[in-house]
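> predicted model and sequence below, questions to follow.
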Amino acid sequence: MDNQTLKNHALSAQEKAYAPYSRFKVGAAILGNDGNVYSGCNVENVAYPLGQCAEATAIGSMVNNACTKIDKIVIVSPNDMLCFPCGGCRQKIAEFADKNTEIVMFSQQGKEKSVLLDELLPFAFNMD
Ligand SMILES: O=c1ccn([C@H]2C[C@H](O)[C@@H](CO)O2)c(=O)[nH]1
Ligand SMILES: [Zn+2]
């Protein structure tokens with residue numbers, strides 16, 4: 001599946017973002033290894049640390065549909081900057097991906113950058 005198609009799924013999710021505190025709406029879309037797309041938005045909370053990133057929402061949707069492998073993940077920012085996954089999300093992505101899994105960021109103005117998980121999270125923690 002091409003990046004543009006995944007971006008469109010991420011944009012649809014972004015519209016649903018619940019971000020009244022930061023006003024920073026993010027959308028994510030995962031291509032699962034079952035061929036399906038799982039999207040998610042950030043979900044904030046008045047108790048700020050309880051907010052959930054868009055990537056985490058998309059991962060939850062994927063796992064809730066019995067898919068546990070990310071083939072690719074796309075993240076759309078709300079502005080002209082690329083939105084790189086936070087540290088916690090890098091570890092959450094690593095749980096369901098491998099070193100060569102592609103992570104693609106888009107800005108609203110169409111800026112695009114693709115990196116590998118190993119570039120975002122080298123020396124990732126794991127127990128094997
Ligand atoms: O990759 C990211 C970075 C930030 N956020 C959210 C968390 C918070 O709701 C808002 C501002 O940090 O953006 C995401 O969803 N994904
Ligand atoms: Zn995050």
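Here it is on my side, so go on. Ligands and ions are numbered 1, 2, ... in the order given.
> if you go through this protein in chain order, where are the helices?
3-15, 54-64, 87-95, 117-120 (DSSP state H).
> of all the ones you listed, which one is nearest residue 108?
helix 3-15 (9.0 Å; C-beta to C-beta). From N, CA and C alone the C-beta is placed, and that goes for glycine too.
> which helices and strands does that closest one pack with?
Judged by 3 or more C-beta pairs under 8 Å, 6 or more residues apart in numbering; DSSP states H and E, helix 3-15 is in contact with strand 27-32, strand 37-41, helix 54-64, strand 70-76, strand 102-106.
> per-residue pLDDT, residue 128?
With respect to pLDDT, residue 128 scores 83.
> state the distance from residue 48 to ligand 1.
Counting by C-beta to the nearest ligand atom, to the nearest Å, the separation of residue 48 from ligand 1 is 9 Å.
> ok, now residue 119?
Applying C-beta to the nearest ligand atom to residue 119 and ligand 1 gives a distance of 15 Å.
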